[in-house]
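Asker: Sequence and predicted structure, then a few things I'm wondering about:
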Amino acid sequence: MDSYIVRVYRFDRSKPRAIIGVVEEAGSDDKKAFMNIDELWKILNPHCDKPRKKIREQKMANLQR
C-alpha cells in the first residue's frame, strides 16, 4: 500500500469536480499537480485507466441489468 500527501489549494463548492492541488508520495520528493478530480484519481490510481465517473456509470449500468 502506498501513502500519499494530498495538498488542496483551491476548491469550489459550486463545482466539486474543480479541485486544484499537489500530490506527494510519502517519503519522496516527487510531486504531481492536479487540476480536477479526474487528474487526482489518475495520480492516486496509476494502473486504472478509467476515470472514477466512468467506473461508477459502468457499475450502475450493470446493476440495472
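Answerer: Arrived safely, thanks for sending.
Asker: the longest strand in the chain is where?
Answerer: Identified as the longest strand of the chain according to DSSP state E is strand 15-25.
Asker: now the helices for this protein?
Answerer: 37-44, 52-64 (DSSP state H).
Asker: State the mean pLDDT of the longest one.
Answerer: Going back to what we said before, that points to helix 52-64. Averaging pLDDT along helix 52-64 yields 70.
Asker: dump the residue contacts of Lys31.
Answerer: By C-beta atoms under 8 Å, 6 or more residues apart in numbering, the residues touching Lys31 are Val22, Val23, Glu24. Backbone N, C-alpha and C define where each C-beta goes, glycine included.
Asker: Then Ile5?
Answerer: Applying C-beta under 8 Å, 6+ apart, we find Ile5 in contact with Val23, Glu24, Glu25, Ala26.
Asker: And Glu25, by the same measure?
Answerer: By C-beta under 8 Å, 6+ apart, Glu25 lies in contact with Asp2, Ser3, Tyr4, Ile5.
Asker: If we use 6 Å, what do you get?
Answerer: Tyr4 (C-beta atoms under 6 Å, 6 or more residues apart in numbering).
Asker: So what sits opposite it in the bridge?
Answerer: Tyr4 (DSSP bridges).
Asker: So for it, what's the pLDDT?
Answerer: Here the pLDDT value assigned to Glu25 is 89.
Asker: Distance of it relative to Lys31?
Answerer: Applying C-beta to C-beta, to the nearest Å, the value for Glu25 to Lys31 is 9 Å.
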